[in-house]
Every structure is written in structure tokens, then in C-alpha cells.
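S.K.: I'll drop the sequence and a predicted model, then ask my questions.
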Amino acid sequence: MIHAEKILAGYRARQKEREANPGKQPRPPFDQAEGFLKRECYSLIRNCISGKKGAQIIKSIVRRNLIEPPYHRYADNPYFWGLIAIDAPDQELGAQRISRYAMQMFYAHQNYVPPIHLVGFLYQIGGHVALREIRSDARKHPSLTMASLDEYWG
């Protein structure tokens with residue numbers, strides 16, 4: 001989990017920089033703490049789940065640490081498990097943010113968005129508020145249904 005520790009360290013450094021310089025021009029969304037965290041976590045989890053049984057390995061790591069997802073509706077989302085695994089040592093992201101990020105990452109993955117374009121993609125669709133509206137009409141966006149996750153759990 002060395003890579004995960006580097007991601008969280010980079011996130012914290014960007015947060016501290018912003019807090020230390022409140023009058024300074026903010027970084028573009030791509031480089032802000034939230035954008036950095038989303039992009040790097042998405043890249044790491046995406047690489048893990050692309051390997052053979054990668055999603056199951058992530059789930060095993062989380063369960064080994066005796067962590068169970070608090071929300072069953074996300075339990076089949078590999079990005080949810082991956083974020084829990086990354087956040088497990090510090091638990092600084094919180095359940096609400098993990099749930100929101102997991103759904104955003106899953107939607108991006110289902111739409112073949114490369115990590116470098118994740119933040120821009122999320123801005124283009126309107127962020128998590130628009131994603132909630134998209135999710136409410138699964139007929140138009142079947143890629144957001146949990147049935148589309150079968151490929152990961154085999």
C-alpha cells in the first residue's frame with residue numbers, strides 16, 4: 001500500500017498549501033487536493049481491477065482489516081472497496097465522500113475515461129449532483145446499475 005500512502009500524503013500536502021496561502025490564486029481543479037486525490041485513487045484502483053481477480057483481491061484486503069462497507073448498495077462497486085482500502089489506515093475521507101467518489105469513479109470507468117481526464121469529465125457532467133440525477137434514471141444510463149459490475153466479481 002505504499003502507493004496509497006503517497007496518494008494520501010500528496011492530498012494532505014495540497015490541503016496544507018491551500019490553508020497556508022488563503023489569498024493565493026487556487027490551483028486548477030485538476031491539481032487541487034480533491035482533484036489530485038480522485039485522479040490518483042482512480043488510477044490505482046483502475047489498474048488493480050484490470051488484473052485477474054483484482055477486484056476480489058482488493059475486497060480481501062479490506063476484509064482482512066475487518067472493515068465492512070456500511071452501505072450495501074455500494075458493496076458491489078470495486079471503487080468503493082478500493083477507496084476503503086486506501087483510506088483504511090487513517091480513515092480521513094469519511095463514508096459520505098467515499099460513497100460519492102466511488103460512484104463518480106465507477107461512472108467514469110463505465111464510460112472509458114482515462115485517469116488523466118477524470119476531473120474534467122466530472123466537471124463536464126456537472127459533478128456529484130448531476131450524477132445523482134443521472135443515477136435516478138437508470139434506463140437512460142444502464143452503466144450505473146450494479147448489474148454492470150458482474151464482470152469484476154466473475
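M.R.: Sure thing, it's come through.
S.K.: Please spell out which residues along the strand or helix carrying Arg100 are buried.
M.R.: For Arg100, the host element (DSSP states H and E) is helix 95-110. Of all the residues in helix 95-110, those buried under the rule 16 or more other Cβ atoms under 10 Å are 97-109. Glycine gets a C-beta too; all of them are placed from N, C-alpha and C.
S.K.: Would you tell me what the next helix or strand after that helix is?
M.R.: helix 118-125.
S.K.: roughly how far apart are Asp31 and Ile84?
M.R.: 25 Å (Cβ to Cβ, to the nearest Å).
S.K.: out of those two, which sits in the more crowded spot?
M.R.: Between Asp31 and Ile84, counted using other Cβ atoms under 10 Å, Ile84 has the larger neighbour count: 25 against 12.
S.K.: Give me the nearest residue to that one, chain neighbours excluded.
M.R.: Of all residues not flanking Ile84 in the chain, Val62 sits nearest, at 5.1 Å (Cβ to Cβ, 6 or more residues apart in numbering).
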